[in-house]
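Novice: Prediction below, plus the sequence it came from.
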Amino acid sequence: MDRRTGLVAILALALFIPGLHVGDAAPKPPSFVYVHDDGTPNQVFGFSISSKGLLAALPGSPFAAGPFGEGSFGAVNSAAYSRQRRLLFVGGTDGIVVFQVAANGALTQVAGSPFASEEIQSVAVVESGPNTFVYALDPFEPSVLGFAVQPDGSLVATPGTRYAAGNFPLCLSAAGNLVVAANEGDGTLSVYRAQGDGSLVASPGTPFTVPGAFITNVAVTPSGKFVYVPDFTTGAHRVFGFAAQSATGALTPLSGSPFETAVHDSPGVLASPKPLIVAMGIPGGGGGPDLQVLRAKAAGTLKAGFSRSSGLMDLQNGAFSRNGKFMVVASGESQAIRSFQVAGSGKLTLVSTGSLPGSSELNGVVFAEP
């Protein structure tokens with residue numbers, strides 16, 4: 001049988017196999033959203049999210065992560081996801097709990113969890129070639145801890161292990177090999193570059209001062225080029241912006257920073273793969289929006305754009321999908337999560353709502369996508 005005849009035979013056979021259609025694409029693996037409730041108990045709520053942004057609670061959710069979380073209010077990024085390893089990392093009073101993410105979204109703790117004995121406030125992931133590194137904040141011995149993920153999902157300390165941070169570090173954010181810690185106690189940012197072995201090298205000039213701001217959150221853009229910090233000071237309506245030097249990570253304030261927003265007392269900003277960020281906050285003037293889209297120019301400068309109400313009370317955290325098409329935000333007071341479709345203009349359209357019964361401290365929200 002020649003190649004042409006063989007191909008015709010295969011196509012003919014396909015016509016008679018039930019469920020098989022010539023030209024059908026393989027089904028896309030599902031995507032998930034996880035919300036870390038860093039209170040008591042320490043637990044993770046899980047949802048599937050459809051290609052249209054619809055949320056559905058996963059069977060078995062919430063998943064236990066230990067008896068006690070860290071319990072700090074705000075967008076401190078207490079959860080992080082490794083796409084390369086399909087692992088979810090969450091902090092707590094006993095260290096870092098590592099979960100394996102199954103094909104159906106179910107979470108199973110990796111043997112040996114939790115890792116590290118410190119109280120962990122915030123976690124971040126750096127993927128470097130075949131290696132995955134996890135960094136965690138210890139606010140009480142102000143430092144960043146580094147770990148290398150092993151083939152079985154367990155964590156082993158990186159060379160150097162503990163890296164000095166500023167006074168009372170609360171939040172970590174990372175992209176590429178840039179790792180940034182927000183230090184509440186002295187209003188500074190500690191900036192590092194992750195090396196090939198997972199060790200951290202402090203950037204020249206670190207820590208960097210965020211003048212006059214009360215900071216509990218920081219967001220590094222997915223490109224690693226820019227760093228944004230919301231001001232949680234009572235009545236403040238602003239976000240600070242910095243450019244990160246590509247070789248060293250050293251920060252330079254952006255022209256026009258800080259940038260005004262329509263929301264105030266902002267606990268967090270969310271950095272999108274698209275040229276925009278979203279500031280979460282309290283509606284200005286006692287009413288109005290609690291979500292403010294700020295569009296970014298090529299140089300990183302921001303301009304306030306679309307704003308709206310989330311329909312939730314006291315937003316605590318959120319995240320963008322990898323393509324920036326969807327955004328989710330969560331509220332412990334409302335015990336709910338909501339998904340929004342993000343237009344190219346930055347307009348946010350409500351798509352779906354999920355319930356978070358019994359939740360309180362929603363300090364980490366992540367997408368887990370193929």
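Specialist: Looks like it came in fine. Numbers count the residues shown, from 1 in each chain.

Novice: CA atoms for contacts and neighbours, from now on please.
Specialist: Noted.

Novice: so what's residue 362 closest to, chain neighbours aside?
Specialist: residue 37 (4.5 Å; CA to CA, 6 or more residues apart in numbering).

Novice: was I right about the one you found contacting residue 363?
Specialist: Yes. Using CA atoms under 8 Å, residue 37 makes contact with residue 363 at a distance of 6.5 Å.

Novice: what ranges do the helices span in the stretch 1-150 of the chain?
Specialist: Per DSSP state H, counting those that start in this stretch, the stretch 1-150 of the chain carries helices over the ranges 3-14.

Novice: Low-confidence regions, the stretch 151-300 of the chain specifically.
Specialist: Within the stretch 151-300 of the chain, the stretches with pLDDT under 70 are 284-287.

Novice: Residue 356: what's it in contact with?
Specialist: Applying CA atoms under 8 Å, 6 or more residues apart in numbering to residue 356 gives the contacts 45, 332, 335-337.

Novice: and which of these is nearest residue 255?
Specialist: Residue 255 lies nearest to residue 337 out of the contacts of residue 356, by CA to CA, at 34.7 Å.

Novice: What separation do you get for that closest one and residue 282?
Specialist: Residue 337 sits 17 Å away from residue 282, taking CA to CA, to the nearest Å as the criterion.

Novice: quick revisit: list the contacts of the residue nearest to residue 362.
Specialist: Contact analysis of residue 37 by CA under 8 Å, 6+ apart lists 43-45, 69, 359-364.

Novice: how long is stretch 263-280 from one end to the other?
Specialist: Terminal residues of stretch 263-280 lie 7 Å apart, using CA to CA.

Novice: let me redo that: stretch 174-185
Specialist: End to end - CA to CA - stretch 174-185 spans 21 Å.

Novice: May I see the buried residues of that stretch?
Specialist: For stretch 174-185, the neighbour count (16 or more other CA atoms under 10 Å) marks 174-184 as buried.

Novice: Who does the residue nearest to residue 362 form a beta bridge with?
Specialist: residue 43, residue 362 (DSSP bridges).

Novice: cool, the one 10 residues further on as well?
Specialist: Each beta-bridge partner of residue 47 is listed here: residue 33, residue 57, as defined by DSSP bridges.

Novice: Can you read off the pLDDT for it?
Specialist: Residue 47 is assigned a pLDDT of 98 by the prediction.

Novice: you'd agree it is up against residue 55?
Specialist: Yes. In this structure, residue 47 is within contact of residue 55 by CA under 8 Å, at 6.0 Å.

Novice: quick one: strands adjacent to the host helix or strand of residue 172?
Specialist: Using DSSP states H and E, residue 172 sits in strand 169-175. Strand pairing for strand 169-175, determined by DSSP bridges: strand 178-183 (antiparallel).

Novice: Tell me the helix or strand right after the partner strand.
Specialist: Proceeding N to C from strand 178-183, the next assigned helix or strand is strand 188-194, under DSSP H and E.

Novice: got the contact list for that following strand?
Specialist: Taking CA under 8 Å, 6+ apart as the rule, strand 188-194 contacts 126, 165-166, 177-183, 200-203, 206-210, 215, 248-250.

Novice: again, 6 Å this time
Specialist: 165, 177-183, 200-203, 206-210 (CA atoms under 6 Å, 6 or more residues apart in numbering).

Novice: of all the contacts of residue 356, which two lie farthest apart?
Specialist: Spanning the widest gap among the contacts of residue 356 are 45 and 332, at 11.9 Å by CA to CA.

Novice: quick one, strands of the stretch 151-300 of the chain?
Specialist: Remark: strands assigned in the stretch 151-300 of the chain by DSSP state E, counting those that start in this stretch are 155-164, 169-175, 178-183, 188-194, 200-202, 208-209, 219-220, 226-230, 238-244, 251-253, 259-260, 263-271, 276-283, 291-296.

Novice: Which of the ones you listed sits closest to residue 119?
Specialist: For residue 119, the closest of the strands of the stretch 151-300 of the chain is strand 169-175, at 11.6 Å, according to CA to CA.

Novice: Could you figure out how far the closest one is turned away from strand 226-230?
Specialist: 150 degrees (axes from the mean of the first three to the mean of the last three CA atoms, to 10 degrees).

Novice: Contacts made by strand 169-175 with the rest, please.
Specialist: For strand 169-175, the external contacting residues (CA under 6 Å, 6+ apart) are 76, 122, 124, 139, 179-184, 216-217, 219-220, 222, 224.

Novice: closest to residue 342 among the residues you listed?
Specialist: Closest approach to residue 342 among those (CA to CA): residue 222, at 16.5 Å.

Novice: How much space separates the closest one from residue 323?
Specialist: As judged by CA to CA, residue 222 and residue 323 stand 11 Å apart.

Novice: And for residue 301?
Specialist: According to CA to CA, residue 301 and residue 323 sit 21 Å apart.

Novice: quick one: which of the two has more around it?
Specialist: residue 301 (22 against 9; other CA atoms under 10 Å).

Novice: For the more buried one, list the residues it contacts.
Specialist: Listed by CA under 6 Å, 6+ apart, residue 301 has no contact partners.
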